[in-house]
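**Q** give me a model of this one.
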Amino acid sequence: MNRIDTSFASVARFFETKNTQSVQIPEHLKGIWELSDLKNMSILMSFDNAIFNEEKRRITVKLYEPGNWLFGEENLVNRFFLKFFKYSYQFDFDETYEHATIKIKLGIIPIHIPKYVSKWTVEFDKLNNRMIRRTIFFGNEHIYKATKITSNKELSEIHNFDYFFYC
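**A** Numbers count the residues shown, from 1 in each chain. Predicted structure coming up:
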């Protein structure tokens, strides 16, 4: 895996917009989102470099491409898995871009998991710059909240890492 230091300037450069589609993404979705509530290695993500399909109201975030996702630890299993299978999250939004269902994609194929096994949804609280994800797995619900990171102070409060890693 590749690494960047944890300063806000380095993180902002990593997530710097690299595609013209991001101009079309609704403003409340733009920026850097912290994922530390996940209690795993995923730390930061951005929709800004994702694939945006306005007609379908769909945003696909590719975890295996730079500019989309940062991890707190280097992990060869994740690195291999993400790159080899071209792991992505597909967000299918409502008309207001405040609610979405999430599907896992491997390559170009969305994985359809029956709702009684697992269901992933996300809501966006525009007022508080908050993302609330609900995951239901065999009836057990897990909720986590993510917020936008806008400063080095906020970034330093969410991690104890010297570096972030990306594929």
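**Q** what sits opposite residue 62 in the beta ladder?
**A** Counting by DSSP bridges, residue 62 forms beta bridges with residue 88.
**Q** pretty sure it contacts residue 47?
**A** No. Residue 62 lies out of contact with residue 47 (Cβ atoms under 8 Å); the separation is 11.3 Å. C-beta coordinates here come from the backbone N, C-alpha and C atoms, glycine included.
**Q** those two - which one has more neighbours?
**A** Each of residue 62 and residue 47 has its neighbours counted (other Cβ atoms under 10 Å); residue 47 has more, 22 against 19.
**Q** quick one: contacts for that one?
**A** Residue 47 sits next to 22, 25, 29, 30, 33, 59, 61, 91 when contact means Cβ atoms under 8 Å, 6 or more residues apart in numbering.
**Q** if you count neighbours, what's buried in stretch 31-50?
**A** 31-37, 42-50 (16 or more other Cβ atoms under 10 Å).
**Q** same thing with stretch 16-29?
**A** Buried-residue list, stretch 16-29, by 16+ other Cβ under 10 Å: 21, 22, 25, 26, 28, 29.
**Q** distance of the last one from residue 16?
**A** Between residue 29 and residue 16 the distance, using Cβ to Cβ, to the nearest Å, works out to 16 Å.
**Q** again, but for residue 79
**A** Using Cβ to Cβ, residue 79 is found at 22 Å from residue 16.
**Q** no more questions from me, cheers.
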